[in-house]
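A.B. asks: quick one, what's the 3D model for this:
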Amino acid sequence: MENILLVVNVILAIILVIVVLLQKSEGGALGIGVSQENFMFSRTAGDFFTKATAIIATLFIICSLSLTIISRGDLVSESSVIDKIDENSEEVPKIPENNN
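C.D. replies: Below you'll find the predicted structure:
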């Protein structure tokens, strides 16, 4: 199951990158070169790509969270990180005091 979700996640990431790159920028370079004619016809394509991006991004996030939840089940918590630091601190040699 984890491998299938991983493959789906990679495919969704690639599709998301492609859909974002296909979108037209809405800024229009601060209004330079934007005509009313181009604005009227590009709006429907923008709506499609905007909706497609939102849907694919939502699926990507759900898939990523599912992968995290599934892989978290394999982890076994044996001890805390703080316990490991305390264990390692005992092995550190002590600094000798100055005998002046």
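
A.B. asks: tell me the contacts of the nearest residue to I70 once chain neighbours are set aside?
C.D. replies: Sequence neighbours aside, E2 is the residue nearest to I70 in space, at 5.3 Å (criterion: CB to CB, 6 or more residues apart in numbering). To be clear about C-beta, it is placed using only N, CA and C from the backbone, and glycine gets the same treatment. E2 makes contacts with L67, I70, S71, as judged by CB atoms under 8 Å, 6 or more residues apart in numbering.

A.B. asks: most neighbours out of the residues you listed, which is it?
C.D. replies: Using other CB atoms under 10 Å as the neighbour criterion, L67 leads these with 16 neighbours.

A.B. asks: quick check, it in contact with N9.
C.D. replies: Yes: the criterion here is CB atoms under 8 Å, and L67 meets it with N9 at 6.1 Å.

A.B. asks: any weak-confidence spans in this protein?
C.D. replies: 26-46, 74, 76-77, 79-81, 83-93, 100 (pLDDT under 70).

A.B. asks: which elements pack onto the helix ranked longest in it?
C.D. replies: The residue-count maximum for a helix in the chain (DSSP state H) belongs to helix 36-72. Contacts defined by 3 or more CB pairs under 8 Å, 6 or more residues apart in numbering; DSSP states H and E place helix 36-72 against helix 2-22.

A.B. asks: can I get the CA coordinates of the helix it packs on in PDB?
C.D. replies: Only the C-alpha atoms of helix 2-22 are listed here, as PDB (Å, rounded to 0.1, in the frame of the first residue of the first chain):
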ATOM      1  CA  GLU A   2       2.800   2.400   0.900                       C
ATOM      2  CA  ASN A   3       4.500   1.800  -2.500                       C
ATOM      3  CA  ILE A   4       1.300   2.500  -4.400                       C
ATOM      4  CA  LEU A   5       0.800   5.800  -2.500                       C
ATOM      5  CA  LEU A   6       4.400   6.700  -3.100                       C
ATOM      6  CA  VAL A   7       4.000   6.200  -6.900                       C
ATOM      7  CA  VAL A   8       0.700   8.100  -6.900                       C
ATOM      8  CA  ASN A   9       2.400  11.000  -4.900                       C
ATOM      9  CA  VAL A  10       5.200  11.300  -7.400                       C
ATOM     10  CA  ILE A  11       2.800  11.300 -10.300                       C
ATOM     11  CA  LEU A  12       0.700  13.900  -8.600                       C
ATOM     12  CA  ALA A  13       3.800  16.100  -8.000                       C
ATOM     13  CA  ILE A  14       4.800  15.900 -11.700                       C
ATOM     14  CA  ILE A  15       1.300  16.700 -12.900                       C
ATOM     15  CA  LEU A  16       1.100  19.600 -10.400                       C
ATOM     16  CA  VAL A  17       4.300  21.100 -11.700                       C
ATOM     17  CA  ILE A  18       3.100  20.800 -15.300                       C
ATOM     18  CA  VAL A  19      -0.300  22.400 -14.600                       C
ATOM     19  CA  VAL A  20       1.300  25.300 -12.700                       C
ATOM     20  CA  LEU A  21       3.800  25.900 -15.500                       C
ATOM     21  CA  LEU A  22       1.000  25.900 -18.100                       C
END
